[in-house]
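**Student:** Whatever this is, show me its structure:
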Amino acid sequence: MMRLVYFSPVPWHSFAQRPHQFVQWFHQQFKARVLWVDPYPTRLPGMSDVRRVFATKMAQESAPCTTVKVQENPLKADWLKLAQVTALPIEPLPASGYLHQWFWRNTMAEIDAFAAGGRTQFVVGKPSKLALQAMARHPALSSLYDAMDDFPAFYEGISSKAMEMTERQLAERVNKIVVSSSAVSRFSAHADKLSLILNACDSDNLPPALPKSAQAPVYGYVGTIGHWFDWEALVNLASSLAINDPAARVRLIGPVFTPPPCDLPGNVEILPACSHAEAMQAMQKFSVGLIPFKRKLLTASVDPIKYYEYRSLGIPVLSSNFGEMSLRAEEDGVFLYDGHSDFSSLLKTCLLHRSSAESLSRFRADNSWHARFAGLIPLFDTGVDQRGQRRPAAKLENFSWQSA
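**Tutor:** Numbering: from 1, shown residues only. Okay, the predicted model is just below:
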């Protein structure tokens, strides 16, 4: 039986995202057991972390518990084992790998024991020194980096530089690199390793697409509101609606870590974070789905999952011209804007759009996680050679601690 050690970019106990969907697919495809390694801090702490904790605490105190609870992931089963990592927030500092040896000894022992149980693959969802050290301990094992975000762009200063170096070392070390966006310039030196696997959505568990409501239009957004969120464009959009469609509402759902820089128009409402299931129910009431992101280095390599969720529900998408969305100008139900766009006419065009039942069914089938990950199958070492004969498992080599 195959085994997978997965270094996740998100905790297991968060709503199901690409990492959760990937490990479930891997288990179903290869009948594999999975060791999920929860993430640990890979940057130095800053004031934003204090604000994030404070904002989360305030949301929990001010909102009904049903809207802020962490969704227990339904995928956990006897084939999955969780590993939590003890670490200090010092990874960007020189020699932090040495300093963390004592903290990581139990995790490393857990990985060693798991990998000794059968043919094992390493998949890294976020660059880290822990992942590099684990691969150095087991150099014969197949490895893959799923670069689902431009992680160095999330950080600043020394943390960004350190993450850039860690990602570079990881790209050199792994056998394959998977990217979730067409923006792959930072991996140009490893073109022979690259494969493009875009994001998708959990099509099998989405609610049905509802017919357009006769009530006042709702222009909605679900997700985190961070420094990539374009408040200026949102205000312009809401101001245009206030003039041309006073009954319409702009509804933002999610945690706000970057507050608006000015007073918002009266037709904008901000609701607290909610579970994924509740978010899907809220989306069903949207007339138009919004993705108002700034064009910057961070968003240049983003393929937003909310795009797939909006479209799978039959909701037209109004998005800024960023990242992977910039390549979708001709797709059904997608409307892009830039700094010169006339929101008054663009909003009316979005509102009038209708998708056929046939096109929605096809979109769901083509953009399910199962369909997307099918492209990964040739990238994994299944332990069977070209004649269908099973190869012997590789022996693990001795390892001495490194400064990775």
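**Student:** In terms of pLDDT, where does Asn398 sit?
**Tutor:** Here, the pLDDT recorded for Asn398 equals 36.
**Student:** Ok, Ser275 next?
**Tutor:** For Ser275, pLDDT reads 87.
**Student:** how deep is it tucked in, by neighbour count?
**Tutor:** Neighbours of Ser275 under the rule other C-beta atoms under 10 Å: 16. Any C-beta I mention is one placed from the backbone N, CA and C, and that applies to glycine too.
**Student:** Isn't Asp230 up against Lys296?
**Tutor:** No. Asp230 lies out of contact with Lys296 (C-beta atoms under 8 Å); the separation is 9.8 Å.
**Student:** more neighbours, the two?
**Tutor:** Each of Asp230 and Lys296 has its neighbours counted (other C-beta under 10 Å); Asp230 has more, 20 against 13.
**Student:** show me what contacts the more buried one?
**Tutor:** Asp230 sits next to 292-294, 320 when contact means C-beta atoms under 8 Å, 6 or more residues apart in numbering.
**Student:** Can you select the buried ones from those in PyMOL?
**Tutor:** In PyMOL syntax, the buried subset of these is picked out as below (16 or more other C-beta atoms under 10 Å):
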select buried, resi 292+293+320
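**Student:** Looking at the contacts of Asp230, which is nearest Cys201?
**Tutor:** Phe293 (17.9 Å; C-beta to C-beta).
**Student:** The closest one pairs with what?
**Tutor:** For Phe293, the beta-bridge partners under DSSP bridges are Phe229.
**Student:** I'd like the average pLDDT over stretch 308-326.
**Tutor:** Taken as a whole, stretch 308-326 carries a mean pLDDT of 97.
**Student:** shaky segments in the chain?
**Tutor:** Residue ranges of the chain with pLDDT under 70: 47-76, 383-404.
**Student:** which residues in it form helices?
**Tutor:** 18-30, 47-62, 65-68, 96-99, 101-115, 129-137, 151-154, 157-173, 231-244, 276-283, 305-312, 343-352, 357-366, 369-373 (DSSP state H).
**Student:** out of these, which comes closest to Trp36?
**Tutor:** helix 18-30 (6.4 Å).
**Student:** which helices and strands sit right next to that closest one?
**Tutor:** Judged by 3 or more C-beta pairs under 8 Å, 6 or more residues apart in numbering; DSSP states H and E, helix 18-30 is in contact with strand 3-7, strand 33-37, helix 369-373.
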